[in-house]
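**Student:** Starting from these lines, generate the structure:
(chains A, B, C and D)
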There are 2 protein chains.
Amino acid sequence: MTDTITTIEEHGAPAPPARPRERIVVQARDLFRKHGIRGIGVDAIADAAGTNKMTLYRHFGSKDELVVECLRKVAEDIEAMWHALEAAHPDDPWAALDAWVRHGAERMICDRRGCDLANAAVELAEADHPARHVIADLKTAYRDRLADLCRRAGARDADLLADTLTLLLEGARVSRQSVGPEGPSARFVRMGQAIIATFRTPAPSP
Amino acid sequence: MTDTITTIEEHGAPAPPARPRERIVVQARDLFRKHGIRGIGVDAIADAAGTNKMTLYRHFGSKDELVVECLRKVAEDIEAMWHALEAAHPDDPWAALDAWVRHGAERMICDRRGCDLANAAVELAEADHPARHVIADLKTAYRDRLADLCRRAGARDADLLADTLTLLLEGARVSRQSVGPEGPSARFVRMGQAIIATFRTPAPSP
DNA sequence: TCTGCACGTTACAGACCGGTAACACCCGCG
DNA sequence: CGCGGGTGTTACCGGTCTGTAACGTGCAGA
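**Tutor:** Numbering: from 1, shown residues only, chains lettered A, B, ... in the order given. Got it, this is the predicted structure:
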């Protein structure tokens, strides 16, 4: 019985996960994020995961498959975020919307790079890349979920509000990569809250 | 006196420009846009420009230099857009703002890929890439120009309006690459006009 | 103890990339 | 006519990339 296994088994898995497959995905997500998908090679990913290229290719038939798997993991994180958000504000959709805005801003603070999904869409220019369907599906699901929240809140035009907030966040995250955190994205929270307030009143203009 | 030169001299330069340097830049912009900067090689660019890699390297010391030159050309187009916009609405900033929104939407219709500057910022993940300064400067200049227009129009909070519109357009162009033209970006004009209207009234809420 | 399976290691293939060297060519200009 | 600069051509270098082959190893479970 080696130490490596006992230590892992003892306290969950806070450090590197035991199985090579998970370690690869974790490291791949990190490195794709830092260097871009085209900017890092599978060899470096396997190395960072403490394994080797051969094992990587035994789990993922190609680099593209690994990319898709990483995007799916991103989706899981997003799903968890939604659950936490709705659990924190079960009966107050407006508060949930406000929390969504603030949460979006918080995520931006730590990250120099923006949204993994959007970045991948930009980087993988080929129109038939296998990741593109995944990206489109996830982004659409995200918007629909936000629209559902707006609808439950009784916003004036829930779909338009959801679309506006979606573009605002998307823009903030990409703007950060162009001009940094001091640019227009710095006032994302104020914008979001102001726009939400606009959609809260029944009908201001005739 | 050869034909090639006379024809060019006669009717401006609608077809391929005469000099290899310009042809290279034109083709590079097109191919960078279609395949991404990392997705196309200098050899293919030189080929598309009807010349060869050696000539390309005689004009541009490196691929990065060519990238920077292309971004500068993008800036020239943006400059021309601003001139046209302000010339069309010399004394009506609100109309100019509205035209800006509609023009932004028009540019999106034809383009599957979004903003060259933002795409480059996403793709060139290295923090010290020579193109990053160019991108940041141009994006900042763009925002400042929009803010100036908002200020001249007498908007309630000109800077916040400019930032909001900037993020909205940025988001629309990147969203298109994720979910296509039927996504949230489809209603960019409505959003922009609604937001501008909000900033036009003196102060709606106490 | 034996067997099977996941994993590690090394080496390699084949392609593409950015960038350079050397040389031939053509054409305008003096 | 000769000259020089911009251009075309070919070949090449060294590196990196994705992906594969072949073989060795160590552990787990029967």
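**Student:** switch to C-alpha atoms for all contacts and neighbour counts from now on
**Tutor:** Fine.
**Student:** And DNA strand D, is the longest helix anywhere in chain A touching that?
**Tutor:** Using DSSP state H to define each element, chain A has its longest helix at helix A:63-88. Yes - Helix A:63-88 lies within reach of DNA strand D by C-alpha under 7 Å from any atom of the strand, at A:63, A:64.
**Student:** following that helix, which helix or strand comes up?
**Tutor:** Going down the chain from helix A:63-88, the next helix or strand is helix A:93-110, by DSSP states H and E.
**Student:** And the average pLDDT for the helix or strand following that following helix is what?
**Tutor:** Heading C-terminal from helix A:93-110, the first helix or strand you meet, by DSSP H and E, is helix A:116-123. Averaging pLDDT along helix A:116-123 yields 98.
**Student:** Please save the CA atoms from helix A:116-123 in PDB.
**Tutor:** Provided in PDB are the C-alpha atoms of helix A:116-123 (Å, rounded to 0.1, in the frame of the first residue of the first chain):
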ATOM      1  CA  ASP A 116     -13.400  29.700 -22.100                       C
ATOM      2  CA  LEU A 117     -16.300  29.000 -24.400                       C
ATOM      3  CA  ALA A 118     -16.100  32.300 -26.200                       C
ATOM      4  CA  ASN A 119     -12.400  32.200 -26.500                       C
ATOM      5  CA  ALA A 120     -12.600  28.700 -28.000                       C
ATOM      6  CA  ALA A 121     -15.100  29.900 -30.500                       C
ATOM      7  CA  VAL A 122     -12.800  32.700 -31.500                       C
ATOM      8  CA  GLU A 123      -9.800  30.500 -31.700                       C
END
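**Student:** what angle do it and helix A:63-88 make?
**Tutor:** Helix A:116-123 and helix A:63-88 meet at an angle of 150 degrees, taking axes from the mean of the first three to the mean of the last three C-alpha atoms, to 10 degrees as the criterion.
**Student:** Which is the succeeding secondary structure element to helix A:116-123?
**Tutor:** Helix A:116-123 is succeeded, C-terminally, by helix A:130-153 (DSSP H and E).
**Student:** need the next SSE after that following helix, C-terminal direction.
**Tutor:** Past helix A:130-153, the next helix or strand by DSSP H and E is helix A:158-179.
**Student:** And the average pLDDT for that next one is what?
**Tutor:** 98.
**Student:** can you give me the angle it makes with helix B:130-153?
**Tutor:** Using the same axes, to 10 degrees: helix A:158-179 against helix B:130-153 is 130 degrees.
**Student:** Which positions within helix A:158-179 qualify as buried?
**Tutor:** The neighbour-count check on helix A:158-179 (16 or more other C-alpha atoms under 10 Å in any protein chain shown) flags A:158-179 as buried.
**Student:** Show the subsequent helix or strand relative to that helix.
**Tutor:** Using DSSP H and E, the helix or strand that follows helix A:158-179 in sequence is helix A:188-198.
**Student:** just checking, what packs against that following helix?
**Tutor:** Here helix A:188-198 touches helix A:93-110, helix A:158-179, going by 3 or more C-alpha pairs under 8 Å, 6 or more residues apart in numbering or on different chains; DSSP states H and E.
**Student:** could you give me the average pLDDT of that helix?
**Tutor:** Mean pLDDT, helix A:188-198: 98.
**Student:** List the contacts of that helix.
**Tutor:** Residues outside helix A:188-198 that contact it (C-alpha atoms under 8 Å, 6 or more residues apart in numbering or on different chains): A:98, A:101, A:102, A:105, A:161, A:165, A:168, A:169, A:172, B:160, B:164.
**Student:** How much space separates the residue in chain A that chain B sits nearest to from DNA strand D?
**Tutor:** In chain A, the residue that lies nearest chain B is residue A:171 (3.5 Å; C-alpha to the nearest C-alpha). Counting by C-alpha to the nearest atom of the strand, to the nearest Å, the gap from residue A:171 to DNA strand D is 28 Å.
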